[in-house]
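Enquirer: what follows is a predicted structure for the sequence shown.
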Amino acid sequence: MTKLYLFDIEGTTTDIHFVHKVLFPYSFEKMEEFILGHKNMAPVIEAINQVIQTVSEEEGKELSLAEVIEKLKFWITTDRKHPALKQIQGLIWDSGYSNGAFKGHLYSDVLPFFKKIIAQNSMIGIYSSGSVHAQKLIFGFSVFGDLTPYISYFFDTKVGMKRDGASYLNISKATNLSPSDIHFFSDIPQELAAAQEAGMRVTHLLREGTEKSEFTGIKSFDEF
């Protein structure tokens with residue numbers, strides 16, 4: 001029996017358009033205001049320093065604070081999975097969720113499937129390129145209310161990149177489960193391949209606009 005059901009977010013539990021048409025534009029719009037207003041906050045200082053270090057290593061340039069802000073906004077437009085950007089976005093989204101600017105989108109089949117998993121005494125985990133903080137916001141302020149009590153584990157790219165088999169082995173170690181005890185769901189075939197390489201069972205979510213692959217696919221969790 002599967003002991004842990006592991007879920008990608010974007011394109012799997014959550015409409016990709018929510019991320020790209022709601023969350024990303026909101027963080028882009030609020031970036032300058034947020035950083036200037038919180039530049040002495042420890043997580044913001046850490047993120048700023050990470051941006052400065054990355055650009056120094058990659059481009060040989062030293063950035064001013066204004067240039068750091070512009071670089072973060074540029075990374076939003078190019079969807080760069082940089083930890084500093086993910087950290088700042090999570091903090092900005094925290095404010096947006098809290099003041100009711102939006103709620104976390106989840107497909108209608110997600111909550112019933114979560115309830116089914118819990119009823120069979122299995123666990124739920126999330127693995128997304130978005131920060132753990134951002135993940136908890138989507139599920140904590142979701143259209144169905146706070147679903148975080150259903151979720152035992154949250155993983156982001158601190159365990160590794162999602163197309164690298166070693167990342168899934170790290171998740172296995174972190175949960176004290178064999179990879180064969182874990183079933184991973186994603187809309188990205190390369191992620192499924194990496195998880196399968198690590199020994200996990202996998203299922204391809206074929207949400208609207210997602211093309212079929214070599215992996216077993218379902219259009220909804222209702223089919224599983």
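Expert: Received the coordinates, thanks.
Enquirer: what is the burial count for Ala194?
Expert: 24 (other Cβ atoms under 10 Å). C-betas here are computed from N, CA, C, even on glycine.
Enquirer: contacts for stretch 35-51?
Expert: Residues outside stretch 35-51 that contact it (Cβ atoms under 8 Å, 6 or more residues apart in numbering) are 63, 65, 68-69, 71-72, 82-85, 87-88, 91.
Enquirer: the closest residue to Pro83 other than its chain neighbours is in what secondary structure piece?
Expert: Distances taken as Cβ to Cβ, 6 or more residues apart in numbering place Gln50 nearest to Pro83, at 6.4 Å, with adjacent residues excluded. Applying DSSP states H and E as the criterion places Gln50 in helix 42-59.
Enquirer: what comes up buried for that helix?
Expert: 44, 47-48, 50-52, 54-55 (16 or more other Cβ atoms under 10 Å).
Enquirer: just stretch 161-178 next, same as before
Expert: 162, 164-165, 167-172, 175, 177.
Enquirer: can I get those residues in TSV with pLDDT?
Expert: Shown next, in TSV, are the buried residues of stretch 161-178 (pLDDT from 0 to 100):
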residue	pLDDT
Lys162	97
Asp164	98
Gly165	97
Ser167	98
Tyr168	98
Leu169	98
Asn170	98
Ile171	98
Ser172	98
Thr175	98
Leu177	98
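Enquirer: and which of these is nearest Thr78?
Expert: Here the nearest of the buried residues of stretch 161-178 to Thr78, counting by Cβ to Cβ, is Lys162; it sits at 17.5 Å.
Enquirer: that closest one and Phe155 touch, don't they?
Expert: No. The criterion here is Cβ atoms under 8 Å, and Lys162 misses it with Phe155 at 9.5 Å.
Enquirer: list residues touching both of the two?
Expert: Contacts common to Lys162 and Phe155, judged by Cβ under 8 Å, 6+ apart, are 127-128.
Enquirer: in CSV: the buried residues of stretch 161-178, plus distance to Glu32 and secondary structure.
Expert: Putting these into CSV (distance: Cβ to Cβ, whole Å; DSSP: H, G, I helix; E, B strand; the rest coil) gives the following:
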residue, distance to Glu32, secondary structure
Lys162, 30, coil
Asp164, 34, coil
Gly165, 39, helix
Ser167, 33, helix
Tyr168, 37, helix
Leu169, 40, helix
Asn170, 35, helix
Ile171, 36, helix
Ser172, 41, helix
Thr175, 39, helix
Leu177, 43, coil
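Enquirer: between these, which sits nearest Asn121?
Expert: So of the buried residues of stretch 161-178, ranked by how close each gets to Asn121 (Cβ to Cβ), first place is Leu177, at 13.9 Å.
Enquirer: and that closest one, how far is that from Gly125?
Expert: Using Cβ to Cβ, to the nearest Å, Leu177 is found at 10 Å from Gly125.
Enquirer: where exactly do the helices run in the protein?
Expert: 16-18, 24-37, 42-59, 65-78, 83-98, 110-119, 132-140, 165-175, 189-197 (DSSP state H).
Enquirer: right, so of the ones you listed, which gets closest to Arg207?
Expert: For these, the distance to Arg207 is smallest for helix 16-18, at 7.8 Å, taking Cβ to Cβ.
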